[in-house]
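Visitor: no sequence on this one, just coordinates:
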């Protein structure tokens, strides 16, 4: 059967496309002019690592996985490259990790110590980083076990209670649950009523809140004003005044000064009282008998003789004479 030119052309095009796809995938993982260093690492499990996966150092792409094979001991041997301008210690690790999206990658955990530098062809220590889901599962495993134990204990407790309680006790529990349900319904109705009350008196409540805010602002202003007052000077002045008053009271108590003598010397007080009384009598006598003190005689008439009132208190000198012992 002779093929037409169209069929031959189609076959050539398909073969070319297949060769292009194969070559592109091969060159993507193995550059033609590759001068990078090549390293190896042995793992127990690849975790889904594939040839062509980027090799990173602290998140920066530094190479790629070039080969993955299984050795005679069922270990996974991973060969990868890293740029030759980046050097690290032989103690650095090749680590397989999983991203948040579940993609598997390979990273170099560099160690910069005094150990010899890793060379191309060296085998690096390996490790597998715990994935996010594995970490969550490991954290949840104890919780799940405890929860299962708690549920089992709860079931056993419920069964024991059911077998232990008599019918009357079970009836009492049912009635208690019914009462609790009624209480919850009452609380629900009270909550609805409170909500209606708040919505009805919304304006008044807002007014109260505004008044409270206004009072709070005034109190804040008063506090600011009070903080600006020199309290220390006021206290010092008050202390000085109190000391002065205390000194004055001490002097009065000791009899110093006129006020002290008045308060501590009864004789002086009585004399002043008598003198005041006599002065009052003198003024009253001048008012009643002015002629005794002011002599105005046009025709030479004599004034009437003065008569001392009966209720006049004795003078100071007379009282002193009366008080003196005979």
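Guide: Thanks, I have it. Bear in mind the structure is a predicted one, so any value in this text is a computation, not a measurement.

Visitor: mind checking the SS state of residue 35?
Guide: Reduced to three states with DSSP: H, G, I helix; E, B strand; the rest coil, the structure at residue 35 is coil.

Visitor: neighbours of it, how many?
Guide: Per other Cβ atoms under 10 Å, the neighbour tally for residue 35 reads 9. Bear in mind the C-beta positions are built from the backbone N, C-alpha and C, glycine included.

Visitor: then residue 109?
Guide: Residue 109: 17 neighbours (other Cβ under 10 Å).

Visitor: what residues are up against it?
Guide: 92-95, 127 (Cβ atoms under 8 Å, 6 or more residues apart in numbering).

Visitor: again, 6 Å this time
Guide: 93, 95 (Cβ atoms under 6 Å, 6 or more residues apart in numbering).

Visitor: look up how far residue 246 lies from it.
Guide: Distance, residue 109 to residue 246, by Cβ to Cβ, to the nearest Å: 82 Å.

Visitor: again with residue 212
Guide: From residue 212 to residue 246 the distance is 45 Å (Cβ to Cβ).

Visitor: try residue 75
Guide: In terms of Cβ to Cβ, residue 75 sits 99 Å off from residue 246.

Visitor: and the two? which has more neighbours close in?
Guide: More crowded of residue 75 and residue 246, by other Cβ under 10 Å: residue 75, with 13 against 10.

Visitor: I figured that one hits residue 42, correct?
Guide: Yes: if you go by Cβ atoms under 6 Å, residue 75 and residue 42 touch, sitting 5.0 Å apart.

Visitor: which SS class is residue 282?
Guide: When classified by three-state DSSP, residue 282 comes out as helix.

Visitor: OK, contacts around it?
Guide: Neighbours of residue 282 in contact, by Cβ under 6 Å, 6+ apart: none.

Visitor: tell me the confidence at it?
Guide: pLDDT recorded at residue 282 is 80.

Visitor: check residue 105 too.
Guide: 92.

Visitor: burial check on residue 232, number of neighbours?
Guide: The local packing of residue 232 (other Cβ under 10 Å) involves 8 other residues.

Visitor: in what helix or strand does it lie?
Guide: Assigned by DSSP states H and E, residue 232 falls within helix 231-254.

Visitor: which strands and helices sit next to that helix?
Guide: Counting contacts by 3 or more Cβ pairs under 6 Å, 6 or more residues apart in numbering; DSSP states H and E, helix 231-254 packs against helix 257-264.

Visitor: average pLDDT for the helix it packs on?
Guide: 68.

Visitor: and stretch 148-168, by the same measure?
Guide: If you average the pLDDT over stretch 148-168, you get 72.

Visitor: run the chain-centre distance for it.
Guide: How far stretch 148-168 lies from its chain's middle: 44 Å, per Cα atoms, centre = their mean, to the nearest Å.

Visitor: next: stretch 240-248.
Guide: Centroid displacement of stretch 240-248 relative to its chain, using Cα atoms, centre = their mean, is 48 Å.

Visitor: just the mean pLDDT for it, thanks.
Guide: On average, stretch 240-248 scores 85.

Visitor: just the buried residues of it, please?
Guide: Residues of stretch 240-248 classed as buried: none (neighbour count, 16 or more other Cβ atoms under 10 Å).

Visitor: residue 211 and residue 205, how far apart?
Guide: In terms of Cβ to Cβ, residue 211 sits 11 Å off from residue 205.

Visitor: ok, these two, which is more surrounded?
Guide: Ranked by neighbour count (other Cβ under 10 Å), residue 211 and residue 205 place residue 205 first, with 13 against 10.

Visitor: chain neighbours aside, what residue packs nearest to the more buried one?
Guide: Closest residue to residue 205 apart from its sequence neighbours, by Cβ to Cβ, 6 or more residues apart in numbering: residue 198 at 6.6 Å.

Visitor: what's the neighbour count on the one you found?
Guide: Here the number of neighbours of residue 198 (other Cβ under 10 Å) works out to 11.

Visitor: what's the first helix or strand after the host helix or strand of it?
Guide: Using DSSP H and E, the element containing residue 198 is helix 167-200. Using DSSP H and E, the next helix or strand after helix 167-200 towards the C-terminus is helix 202-228.

Visitor: buried residues in that next one, which are they?
Guide: Under the neighbour-count criterion of 16+ other Cβ under 10 Å, helix 202-228 has nothing buried.

Visitor: which strands or helices does that helix pack on?
Guide: Based on contacts counted as 3+ Cβ pairs under 6 Å, 6+ apart, there is no element that helix 202-228 packs against.
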